[in-house]
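Peer 1: Just to be clear, the model below is a prediction. Sequence and coordinates:
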Amino acid sequence: MQIRVESLSHIYAEGMPFETVALEDINFTIESGSLTGIIGHTGSGKSTLMMHISGLIKPSSGRVYAGGTQIGLKTKESREAARKIGIVFQYPEYQLFEETVLKDVSFGPKNFGFSPQECEEKAKKALELVGIDPDEKGKFSPFELSGGEKRRVAIAGVLATEPEVLILDEPTAGLDPRGHREILKIIEQIRRLHKPTILLVSHNMDDIAAMADQVLVIDGGRLAMDGTAAEVFARREELASMGLGLPSTSSLLSALAARGMEIRTDIFDEDEAAREIARALRQD
Amino acid sequence: MIYFFVIYSFGSSSQLLYCRSCDILIVMKFESIIQLKDVEFSYPAQVEAAAPAKALDGISLDIERGSFVAIVGSNGSGKSTLAKHFNALLLPGGGEVIVCGMKTSDPECTWEIRRRCGMVFQNPDNQLVSSVVEDDVAFGPENIGVEPLRIRELVDESLKAVGMYEHRKKGPHLLSGGQKQRVAIAGVLAMQPECIVFDEPTAMLDPAGRRDILKIIEALHEEGKTVILITHFMEEAALAERVIVLEGGRVAFDEAPDKLFSRAAELEKYKLGLPFAASMAQKLRALGLKVPEGTITQEGLADFICR
C-alpha cells in the first residue's frame, strides 16, 4: 500500500496560548512494500506524523492517502483504508492487558468483527511470526513473560490485524542486544513473508542504514531530508546540527577521511567497511 | 637502614602499612564505597507453588570510591535488582550490602544511604515530581531540611553542572527527554551524593540526548564521584574503568573493558555483542591487519589505522 502525504500541517492547541506547530507543510511518497526509516530528535514531530498516517489524529491542513484513499474522513472507504494500517507504539508491552497471551493478540481481529475461530487463527499465525509458540505460551499471562517476549507479543497484537502498512515506533528501545537482534529479524521476516509497507521510527542509525530503502529526516516539524540512506548520511554536518548522528560505519570512515585517508564513507555494512579500510591501507 | 613493615588488612578493600622503623602509617589507596558479600535476592513467586527464582545468586563485589563501573547483562540477568541494592531500595535476602560503611539492612541508615548513593532511572517522565524545573531539583534537599539559602545554592550549582540552569523556570513537560534526564540528574546532585547509580539512563533518548548524558556522567566521574552505569549499549560500557557482566544473577565477568571486549567468543555466549570498534577491529584482524587487542573505541581504532 502506497502512502502519500500532501502539504500536511498540524498545530496543537490552535488558537490557545500554548499553540504549537508540530508539523509544517510535509510532503512525501512512500512506495508500496518498501521500508522507510524515520529519524529526528525527540520532539521533532515524528510521532505526530505517525499518528496522522495511521489516522489517529486529523491534520490542521493537508491530506494523507493510503493506497489512493484519503485517511481520516468519515466515509466507509476511508475507514477501510485506515484499518489496513497498524501502528506499534513505543514500549507497546505496557499496553498488554488481557488474561492470556492468545486473548491479548486476538483483541485486534475481534474488534474488526472476525469470528472467534478466525481471531484465534490470526492470533496464532501472528504469534508464530514473532517467534512465540502459541501452544506453549498462548495460555500464559502476558505478565509472566520476559521483557523481550512481552514486546514481541505486543507486536503480534498488531500483526494479527494483518496490516498492509506497519508503523513501528522505536521497536527496539530498551531491549538488550539479543532482544534487539530478535526484533530486527522479525521485521525482516515480516517483510519477506507479507511485504507490507513498513515505517520504522528509530534513534538507531545503524538499523536504519542497514534496513531502509528510503530515509525521512524530520526536524522542527519539517521534512528536512528525503532520500536513500547513502544520500541522507552523506549530509553529516546537517545531521549533526539536528542532534543526529551517523551509522557507526560511516562515523568511523568519515573520521578516517577527516584524517586525510582516501576512503569511501557511504558504507553501512561492517564487513564491507572492513574491506574498504584494508583496501585504503594497502594503497597508502 | 632496614625498613620493617607491618600490614593491617581490613576486609578486602583497604590496607594499612605501618613502618615500625620510622613510625609512619601508610594508607593503601583502595577504599571501597560499596561492598556486597554473598548477596542473594528472590522476588516472590508469581505462580503459587513454584519455587521463587533467584534474581541475585551469591554476588560479592567491591566498588572502589571514585571509580566508574559499568554493569551489563541481558534482560532479566539481575542488573536492576542489583542496582536497587546499592541504595537500600531492595534489601538482600541473604548476605549483606555495605554502603559508605553502613549496612543497608539497618533501617536507621536507610535515608543516609539514599542521600549518599543517588539513583537515576531509565524513564525521565517517572522521576520528575514538580511542575517547575528548579522546584523539582529542590525537592530532595527540602525533604531533608536543608536551610533555604543553602537549597538555593545547591539547586543553582546542580542545574549548572548539567547545563540546565537557563531552563530553571520552565515546566518539565516543555523539555526534551534528554533535558528531563539532565534535570533528574540535577535532582540527585542537589543531595550531594558520593555515588550515583545510573540505571539505563539513555535507553529512551535520541542520539544527542545520549551524548549529553554520557558527557555528564564522565564529568561527574572526573570530579571524583563514584559512578555506576547500567547499560545495554556496549559502547557506553567501553567508557568505564571496569565492566561487570551479570548472567542469571551471578557475576560472569569483572574486568577492564579493553580486556573484556577482547574475549569476543566468550561474550558471544552471553549474546552481549561487542562495541562497534571492537567488532570492526576483529574483522580487520581477519583481513590480516594487526589491530592490537583491547582496541574498543572509535578513536583508538582510527589512531591505529592512521598511525
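Peer 2: Now that the structure is in, tell me what you want to look at.
Peer 1: Could I get the phi/psi values of residue A:49?
Peer 2: Here is the backbone geometry of residue A:49 (degrees, to the nearest 10): phi -60, psi -40.
Peer 1: ok, the closest residue in space to it that isn't next to it in sequence - contacts?
Peer 2: Among residues not flanking residue A:49 along the chain, residue A:23 sits closest, at 6.0 Å (C-beta to C-beta, 6 or more residues apart in numbering or on different chains). Heads up, the C-betas are built off the backbone N, CA and C, glycines and all. By C-beta atoms under 8 Å, 6 or more residues apart in numbering or on different chains, the residues touching residue A:23 are A:8, A:9, A:10, A:45, A:48, A:49, A:52, A:59, A:221, A:222.
Peer 1: same check, this time on residue A:260
Peer 2: Counting by C-beta under 8 Å, 6+ apart, residue A:260 touches residue B:306.
Peer 1: go on, residue B:76?
Peer 2: A:146, A:147.
Peer 1: what's the helix or strand for the closest residue to chain A within the stretch 151-300 of chain B?
Peer 2: Nearest residue of the stretch 151-300 of chain B to chain A (C-beta to the nearest C-beta) works out as residue B:208 at 3.1 Å. Residue B:208 is part of helix B:207-222 when elements are defined by DSSP states H and E.
Peer 1: The helix or strand that that helix is followed by and chain A, any residue contact?
Peer 2: Using DSSP H and E, the next helix or strand after helix B:207-222 towards the C-terminus is strand B:226-230. No. Using C-beta under 8 Å from any C-beta of the partner chain, strand B:226-230 never reaches chain A; the gap is at least 11.2 Å.
Peer 1: ok, back up a step: how much space separates the residue of the stretch 151-300 of chain B closest to chain A from residue B:126?
Peer 2: Separation of residue B:208 from residue B:126 (C-beta to C-beta, to the nearest Å): 21 Å.
Peer 1: Of those two, which one has the most company?
Peer 2: In this view residue B:208 and residue B:126 are compared by other C-beta atoms under 10 Å in any protein chain shown, and residue B:208 has more residues nearby, 18 against 10.
Peer 1: For the residue nearest to that one when sequence neighbours are not counted, identify the helix or strand it belongs to.
Peer 2: Leaving aside its sequence neighbours, residue B:208 sits nearest to residue A:243 (C-beta to C-beta, 6+ apart; 3.1 Å). Assessed by DSSP H and E, residue A:243 sits outside every helix and strand.
Peer 1: Using the three-state scheme, assign the residue nearest to residue A:49.
Peer 2: Here residue A:23 is recorded as strand under DSSP: H, G, I helix; E, B strand; the rest coil.
Peer 1: how many neighbours does residue 262 have?
Peer 2: Picked chain A for this. Using other C-beta under 10 Å, residue A:262 is surrounded by 9 other residues.
Peer 1: oops, chain B please
Peer 2: Neighbours around residue B:262, by other C-beta under 10 Å: 20.
Peer 1: Need the nearest residue in space to it, chain neighbours excluded.
Peer 2: Closest to residue B:262 by C-beta to C-beta, 6+ apart is residue B:293, at 4.5 Å.
Peer 1: Pop out the phi and psi values for residue 136.
Peer 2: I'll assume chain A. Backbone dihedrals for residue A:136, given as degrees, to the nearest 10, come out at phi -80, psi -50.
Peer 1: Could you give the bridge partners of the residue nearest to residue A:49?
Peer 2: Residue A:23 has the following beta-bridge partners by DSSP bridges: residue A:10.
Peer 1: and residue B:306, what does it touch?
Peer 2: If you count contacts by C-beta under 8 Å, 6+ apart, residue B:306 has them with A:256, A:259, A:260, A:261.
Peer 1: Which of those residues sits closest to chain B?
Peer 2: Set against chain B, the nearest of the contacts of residue B:306 by C-beta to the nearest C-beta is residue A:259 (4.7 Å).
Peer 1: Was I right to think that closest one contacts residue B:303?
Peer 2: No. If you go by C-beta atoms under 8 Å, residue A:259 and residue B:303 don't touch, sitting 9.1 Å apart.
Peer 1: list the buried ones in the lengthiest helix in chain A?
Peer 2: In chain A, with assignment by DSSP state H, the single longest helix is helix A:177-194. For helix A:177-194, burial by neighbour count (16 or more other C-beta atoms under 10 Å in any protein chain shown) applies to A:177, A:179, A:180, A:182, A:183, A:184, A:186, A:187, A:190, A:191.
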